[in-house]
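Colleague: Pasting a predicted model and its sequence here:
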Amino acid sequence: MNRVIYAFFTLLVLASCAGSYNIQGTSNVSNLDGQMLYLKVLQNQDLSNVDSCDIIHGRFTFTGTVDSVKMASIYINDESVLPLVLENGDITIQITQTQQVVSGTPLNDKLFTFIRSYDQLQNQQMELVHKHDRAIMDGSDMEQVSRQLNEEYIQINEKLDKLITSFIVDNFDNVLGPGVFMMVTNNYPYPMFSPWIDDVMSKATPTFKNDSYVKWYMETAERVQNIQNGMETLPPSQGTHMTNAPAPPTPNQLAHPTGKQKNQ
């Protein structure tokens, strides 16, 4: 009898520690109707299916429980549609022809505020290309135009760097910091050190340093550096690969995770 009571009490404790999420999504993109969506989370550089549903008349729903907050992404087939944070609460998703927005819970609100700022700065960079093309058509002095556009590009780039770095630093101790760190490092050809990484890691908290992706990246980058410096050699079975670790996944901007996919 005591064992039964203990087991029941244990279940209650576990249930109280778990959170539940309720994702309600809408889409006005007509060709998405009838498509199957997959909710995936990244675990040890592998993508695992958490849930799936159909878009019916522009609406879709995911519900479930989470034992901890996780970065996730919604997929159609093998293509990432958008990133999100799987956390306790009611999450709203809106998909249109021009944007995808996730809101309703604290970390998702914070993530998409960052993404909007990031996109605005990237759009400003793209506008510089249009300015350059218009200047050519107008017969402007291209040496002067190029000098001005280069100065504007440097200013925007500095704003992007400050935005990304400050966001990661402000979110060292939750999933957003490692998630954006993953986005940035995915642009490198392979795991490597850089002045930007040195700067971030010099400020990093133990929680950030012990994140599974961050830890994997730093260990792999160190190994790559050792190989390049002749301090370590690859086993013959690895051929010409720098490491035998999987390539970093990409959450699209935050959010286009790649990697091995496992169906659960």
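Modeller: Yes, it's here. Because the structure is predicted, anything quoted here is derived from the model rather than measured. Numbers count the residues shown, from 1 in each chain.
Colleague: Could you list the buried residues of the lengthiest helix in the chain?
Modeller: For the chain, the helix with the greatest residue count under DSSP state H is helix 106-138. By 16 or more other C-beta atoms under 10 Å, the buried positions in helix 106-138 come out as 107, 108, 110, 111, 112, 114, 115, 118, 135. Yep, even glycine has a C-beta here, placed from its N, CA and C like the rest.
Colleague: mind listing what's buried in the helix or strand that residue 147 is a member of?
Modeller: Here residue 147 sits within helix 142-170, counting by DSSP states H and E. Buried residues in helix 142-170, defined by neighbour count with 16+ other C-beta under 10 Å: 145, 149, 156, 160, 163, 164, 165, 167, 168.
Colleague: I'd like the distance between residue 202 and residue 218.
Modeller: 13 Å (C-beta to C-beta, to the nearest Å).
Colleague: what about those two, which has more around it?
Modeller: Higher neighbour count among residue 202 and residue 218: residue 218, with 18 against 7, using other C-beta atoms under 10 Å.
Colleague: secondary structure class for that one?
Modeller: For residue 218, the assignment made with DSSP: H, G, I helix; E, B strand; the rest coil gives helix.
Colleague: Residue 200 - that's part of a helix, no?
Modeller: Yes. Counting by three-state DSSP, residue 200 is part of a helix.
Colleague: Serialize the buried residues of helix 106-138 to JSON lines and add fields for pLDDT.
Modeller: Listed next are the buried residues of helix 106-138 as JSON lines, based on pLDDT from 0 to 100:
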{"residue": "107", "pLDDT": "96"}
{"residue": "108", "pLDDT": "96"}
{"residue": "110", "pLDDT": "96"}
{"residue": "111", "pLDDT": "95"}
{"residue": "112", "pLDDT": "95"}
{"residue": "114", "pLDDT": "95"}
{"residue": "115", "pLDDT": "93"}
{"residue": "118", "pLDDT": "93"}
{"residue": "135", "pLDDT": "86"}
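Colleague: Return the member of those nearest to residue 64.
Modeller: residue 108 (15.5 Å; C-beta to C-beta).
Colleague: List the contacts of that closest one.
Modeller: For residue 108, the contact set (C-beta atoms under 8 Å, 6 or more residues apart in numbering) comprises 84, 85, 87, 91, 102.
Colleague: Setting the sequence-adjacent residues aside, check what's closest to residue 101.
Modeller: residue 94 (4.8 Å; C-beta to C-beta, 6 or more residues apart in numbering).
Colleague: what about the one you found, how many residues close to it?
Modeller: Count around residue 94 with other C-beta under 10 Å applied: 15.
Colleague: same check, this time on residue 86
Modeller: 26.
Colleague: what bridges to it?
Modeller: Residues in a beta bridge with residue 86, per DSSP bridges, are residue 70.
Colleague: Tell me how far it lies from residue 191.
Modeller: In terms of C-beta to C-beta, residue 86 sits 26 Å off from residue 191.
Colleague: and what of residue 118?
Modeller: 23 Å.
Colleague: If I follow the layout properly, residue 38 ends up in contact with residue 52?
Modeller: Yes. Counting by C-beta atoms under 8 Å, residue 52 is a contact partner of residue 38 at 4.9 Å.
Colleague: returning to what we had before: among the contacts of residue 108, which one has the most neighbours?
Modeller: Going by other C-beta under 10 Å, residue 84 tops the contacts of residue 108 with 28 neighbours.
Colleague: chain center to stretch 132-151, what's the gap?
Modeller: Chain-centre distance of stretch 132-151: 35 Å, with C-alpha atoms, centre = their mean, to the nearest Å.
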